[in-house]
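Participant: only geometry, no sequence info:
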């Protein structure tokens, strides 16, 4: 599911240039680039939660805050990068996810996540895919409305 | 996953009035009401594909065409209904899905879908949830931008 969701995200952004990635549809919108940074940051935060079994440190929170929370900070700081910048980060984070999941078993997947005992790792990783798909829906919508110079 | 995805869709549309459900963000947009009709139609079409193991009939295709394909036909015909209209249809379709899935086993889930042998039922039902989540992302985006009278 993670792999399939990612393939559709990559298809949704294929060929986008920096103006397209940075474009803000309106004053409250997140750019497509910011949404890609968000997808990678959410995945990284769930690695920390489920693999390291801890909450994000203050430093990590500060480092990832713009990408995790989006909004005004995201509009200010998540821009000015070509598509490869986002794709390389997504790929690097995903590599850690797949390698780490491959070393765990189904029992681990069903176990409660110790820093967040209401969820198990299975739900956490479904949620990572779910959040990516949610934002892919927005990326498709936003891309269809880019100024022609953004494509 | 289907149940969780649905709970988030219901939360995303809770309390919407008819003007909000019918609102078109721009000339190419689907209304939130049309997206709800689409979610139900996609689920119904995958029931036919995986439970009845056949393609949609011409009559079914015609009946569901606006909801499945959205766009201009959807903008014309999928409007003028209160939220309950969409929710009742979603609930009725989902009832059939859950009852029918409950009567199948995991072997069935992994079997190839005879009218679409490249996929199995497991993927088909993941895809139903995935498509709903994609459009829920759009619904959230659109709802945040409704004219104040639409809320």
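Facilitator: That came through fine. Computed from a prediction, not measured in an experiment: that's the story for all the values here.

Participant: contacts and neighbour counts: CA atoms only from here.
Facilitator: Noted.

Participant: residues contacting residue A:137?
Facilitator: Counting by C-alpha atoms under 8 Å, 6 or more residues apart in numbering or on different chains, residue A:137 touches B:133, B:134, B:135, B:136, B:137, B:138.

Participant: For those, could you give me JSON lines that also reports pLDDT, secondary structure and distance to residue B:102?
Facilitator: Formatted as JSON lines, the contacts of residue A:137 follow (pLDDT from 0 to 100; DSSP: H, G, I helix; E, B strand; the rest coil; distance: C-alpha to C-alpha, whole Å):
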{"residue": "B:133", "pLDDT": "94", "secondary structure": "helix", "distance to residue B:102": "22"}
{"residue": "B:134", "pLDDT": "94", "secondary structure": "helix", "distance to residue B:102": "25"}
{"residue": "B:135", "pLDDT": "95", "secondary structure": "helix", "distance to residue B:102": "26"}
{"residue": "B:136", "pLDDT": "94", "secondary structure": "helix", "distance to residue B:102": "25"}
{"residue": "B:137", "pLDDT": "93", "secondary structure": "helix", "distance to residue B:102": "28"}
{"residue": "B:138", "pLDDT": "94", "secondary structure": "helix", "distance to residue B:102": "30"}
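
Participant: quick one: which helix or strand includes the residue nearest in space to the middle of chain A?
Facilitator: For chain A, residue A:39 is the residue whose C-alpha lies nearest the centre (C-alpha atoms, centre = their mean; 0.7 Å). Assigned by DSSP states H and E, residue A:39 belongs to helix A:32-50.

Participant: repeat for residue A:117
Facilitator: Counting by DSSP H and E, residue A:117 is found in strand A:116-120.

Participant: just residue A:59 next, same as before
Facilitator: Remark: residue A:59 resides in helix A:58-69, with elements defined by DSSP H and E.

Participant: Show the contacting residues for the residue nearest to the centre of chain A.
Facilitator: A:90, A:131, A:132, A:135.
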